[in-house]
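Engineer: fold the following.
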Amino acid sequence: MIDLRVHGSIHELRLDRPPVNALDPSLLRALAEGVRKGPEQGARALVLSGREGMFSAGLDVPTLLGLDRDGLASAWELFFEVMEVIATSTLPVAAAITGHAPAAGAILALFCDWRVMEDGPFGIGLNEVRIGIPMPDVVAALAARTVGPRLAEALCVSGRLLEPREALAAGLVDRVVEQGEAVTTAVEWCKSIIEVPPRALAETRKTLRRDLVELLRSHRADDTSRLVEEWFRPELQTALQAMVARLKGD
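Structural biologist: All right, here's what the predicted structure looks like:
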């Protein structure tokens, strides 16, 4: 599920769940464990990466559709737990966006310290509304923190996926590079960051990311409850089933 690749003191956690790195509970648990273990394994920084052409397609909707209310609530809790593990990591975390990153794939990247995306016919964005899922409060706040309130509103309401250069202009990503260069670029960014004395780096990041952690913790319970209620609405169930059928080519 997670392919650990070591670049000296920089550890790359490569999502490896074919074909599209959909985030199911098993992958989420493996990712949380990988981030948590980074310091004890000697890492000074982490890079989250994906497969060629696909960072992550987001949550594994077919798996989630098979869960009852308790199971779905646990899955959402696990998703938010992974985001908190990334947000509170004592190590800098860079996202090497190797391709498409819609919905939860984009959220995963946005919780990282820095994002580099490969150029190409790829999309990134918060498109939950297009399949009928209201934007969770924590994600709306995260978007506003990243790109500013007005642009965050436009992106979340429209649910439009941005091409890499558009994402750079909007501030969703920090750099765009040629295909095949995202991981190397992310590793180089990490190396430049860890030149700072470790304690000063850790304490400064903790201070500057405190608002991110607080907004996650303050919205987590309500977001989970609301998402579960919305998920089981007949209209959304019908839309999700139709989406899965299209993906399967039925």
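
Engineer: C-alpha from now on. contacts and neighbour counts both.
Structural biologist: Noted.

Engineer: show me where this protein has strands.
Structural biologist: 2-7, 10-15, 45-49, 53-54, 93-97, 99-102, 114-118, 124-125, 175-177 (DSSP state E).

Engineer: how about these in a markdown table, adding mean pLDDT and mean neighbour count?
Structural biologist: Shown next, in a markdown table, are those (pLDDT from 0 to 100; neighbours: other Cα atoms under 10 Å):
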| stretch | mean pLDDT | mean neighbour count |
| --- | --- | --- |
| strand 2-7 | 97 | 15 |
| strand 10-15 | 98 | 25 |
| strand 45-49 | 98 | 27 |
| strand 53-54 | 98 | 21 |
| strand 93-97 | 98 | 30 |
| strand 99-102 | 98 | 28 |
| strand 114-118 | 98 | 26 |
| strand 124-125 | 98 | 26 |
| strand 175-177 | 98 | 20 |
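
Engineer: need those strands in JSON lines with distance to Arg246, can you?
Structural biologist: Listed next are the strands of the chain as JSON lines, based on distance: least, Cα to Cα, whole Å:
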{"stretch": "strand 2-7", "distance to Arg246": "28"}
{"stretch": "strand 10-15", "distance to Arg246": "24"}
{"stretch": "strand 45-49", "distance to Arg246": "27"}
{"stretch": "strand 53-54", "distance to Arg246": "19"}
{"stretch": "strand 93-97", "distance to Arg246": "25"}
{"stretch": "strand 99-102", "distance to Arg246": "17"}
{"stretch": "strand 114-118", "distance to Arg246": "27"}
{"stretch": "strand 124-125", "distance to Arg246": "20"}
{"stretch": "strand 175-177", "distance to Arg246": "31"}
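
Engineer: what's the closest of those strands to Met243?
Structural biologist: strand 99-102 (14.5 Å; Cα to Cα).

Engineer: quickly run through the sheet partners of that closest one, with directions.
Structural biologist: Note on strand 99-102: by DSSP bridges, its sheet partners are strand 53-54 (parallel), strand 124-125 (parallel).

Engineer: outside of the last one, which residues touch it?
Structural biologist: What that stands for is strand 124-125. By Cα atoms under 8 Å, 6 or more residues apart in numbering, the surrounding residues in contact with strand 124-125 are 100-103, 106, 155, 159-164, 167.

Engineer: count of neighbours near Glu203?
Structural biologist: 12 (other Cα atoms under 10 Å).

Engineer: noted, bye for now.
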